[in-house]
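[1] show me the folded form of this:
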Amino acid sequence: MAETNNTLEVLQNLIQTCRDGEDGYIHAAALVSDPGTKSYFQEQSLERARFVKELKTEAQKLGEHKPDTSGSIAGTLHRTWFEAKAELGLGDQSVLNSVESGEDSAKKAYEDALASALPENIREIVRRQAQRVIAAHNHVRTLRDSKAA
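    As a prediction, this is how the structure comes out:
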């Protein structure tokens with residue numbers, strides 16, 4: 001039972017992290033002017049929505065009938081902060097900096113999840129999602145660095 005509770009806690013944290021990412025990416029897409037970056041952010045938002053659905057399904061299989069699929073307060077505050085910076089005229093670079101910071105948090109959440117005891121089927125899902133999160137983090141960092149240069 002303790003193992004199931006731990007797994008549910010890990011899943012709930014990742015659901016919240018992915019919901020923050022989904023909301024953050026769609027919010028960032030509305031703020032950036034570069035069409036390529038806008039499109040990438042929209043794609044990432046959809047991917048995080050798929051991650052939420054996949055994690056929610058696993059939580060339900062473990063007996064969690066209504067997993068909380070809302071984002072975190074910290075995620076909301078982070079989005080508000082990067083919106084304020086964008087409104088101050090700091091532009092796409094500021095949004096990229098903020099998105100990269102959000103991806104740092106997502107990367108950490110997945111690292112923590114993989115460091116915990118998880119059933120192998122869930123570990124595989126988390127591992128696969130973590131690879132996509134790390135790839136997105138690296139891509140956003142590259143975009144940020146190329147815009148800064």
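
[2] use CA for all of it now, contacts and neighbours both
    Will do.

[3] got the phi and psi for residue 63?
    When read as degrees, to the nearest 10, the backbone of residue 63 gives phi 110, psi 0.

[4] distance of it from residue 96?
    Going from residue 63 to residue 96 by CA to CA, to the nearest Å gives 38 Å.

[5] show me the contacts for the residue lying closest to residue 64 once chain neighbours are set aside.
    Excluding its sequence neighbours, the residue lying closest to residue 64 (CA to CA, 6 or more residues apart in numbering) is residue 8, at 7.6 Å. Residue 8 makes contact with 59, 62, 64, according to CA atoms under 8 Å, 6 or more residues apart in numbering.

[6] related to what we said a few turns ago, okay, residue 63 and residue 96: which has more neighbours?
    Ranked by neighbour count (other CA atoms under 10 Å), residue 63 and residue 96 place residue 96 first, with 23 against 12.

[7] so who does the more buried one touch?
    With CA under 8 Å, 6+ apart, residue 96 has these contacts: 140, 141, 143, 144.
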